[in-house]
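# Model the structure of this input:
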Amino acid sequence: MPSAMLVQVLAGAILLFLLFSLFRFAMGLRWAKVSRETARAEVEGEGRRVVAELPLTTGEVVLLTEDERGFSWGAGSRVDKSGLVGVRMRLNGGVLAEHAREGVRLPPPEPSEEYEGRERWDVAVFAADGSVTSIPCGVLREGVSREVAATVFAAVKRAVAGKAP
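Sure thing, here's the model as predicted:
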């Protein structure tokens, strides 16, 4: 009989441990959501528009924001709108969509990279001075990174065309 009681106590302890772990996980997700909403509200309070949430390879999520002067994301990464001449949406380096200002020819695309087993989405932004800036849009599957890249591409395309957001 004592062994049956011991099994029940052990099963109860395991159940409590699993429930507590699940609770901590849920609270961690909730905290991350509240933190992102707070960061978004602060950015919008400064007069910038949040274009997308960029999932970086480090696991960090940063906001891509737009204001009247340009786009910014992460720690100091910025692209000014004044010199934009073109934009490309890329998957593993291959061009999926492209837009350039009237009368501007973008340089030929580089060859696609060898497939490394994951999708790497980014948006290449071309400036009048010849510089190219890559906005990383993630390596997440199930369309998340594709949707982020499409949103970023559309926002930069509007800026290249000179249209307001």
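# Pull the number of nearby residues for Arg78.
Neighbour count for Arg78, taken as other Cβ atoms under 10 Å: 12. Any C-beta I mention is one placed from the backbone N, CA and C, and that applies to glycine too.
# what's the distance between it and Leu63?
Distance, Arg78 to Leu63, by Cβ to Cβ, to the nearest Å: 13 Å.
# all strands of this protein, in order?
Counting by DSSP state E, the chain has strands at residues 49-55, 61-66, 70-73, 77-80, 84-91, 94-100, 121-127, 132-138.
# quick one, which of these is nearest to Glu114?
Glu114 lies closest, by Cβ to Cβ, to one member of those: strand 94-100, at 11.1 Å.
# partners of that closest one, with directions?
Sheet pairing here is set by DSSP bridges, and for strand 94-100 it gives strand 84-91 (antiparallel).
# So which residues make contact with the partner strand?
Contacts with strand 84-91, where a contact means Cβ atoms under 8 Å, 6 or more residues apart in numbering, come from 95-101, 104, 106, 109, 119-128, 146, 149-150, 152-153, 156-157, 159-160.
# Would you mind writing the CA trace of that strand as CSV?
Taking Å, rounded to 0.1, in the frame of the first residue of the first chain, the C-alpha atoms of strand 84-91 are listed here in CSV:
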residue,chain,number,x,y,z
LEU,A,84,16.2,56.0,-52.6
VAL,A,85,16.1,54.9,-56.3
GLY,A,86,15.1,51.2,-56.1
VAL,A,87,14.1,48.2,-54.0
ARG,A,88,14.2,44.4,-54.4
MET,A,89,12.5,41.7,-52.3
ARG,A,90,14.8,38.7,-52.1
LEU,A,91,14.6,35.1,-51.0
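# now it, how far from the chain's geometric center?
Centroid separation for strand 84-91 versus its chain: 16 Å, with Cα atoms, centre = their mean, to the nearest Å.
# and the lengthiest helix in the chain with strand 49-55, angle?
Secondary structure of the chain per DSSP state H: the longest helix is helix 2-45. Orientation check (axes from the mean of the first three to the mean of the last three Cα atoms, to 10 degrees): helix 2-45 against strand 49-55 gives 140 degrees.
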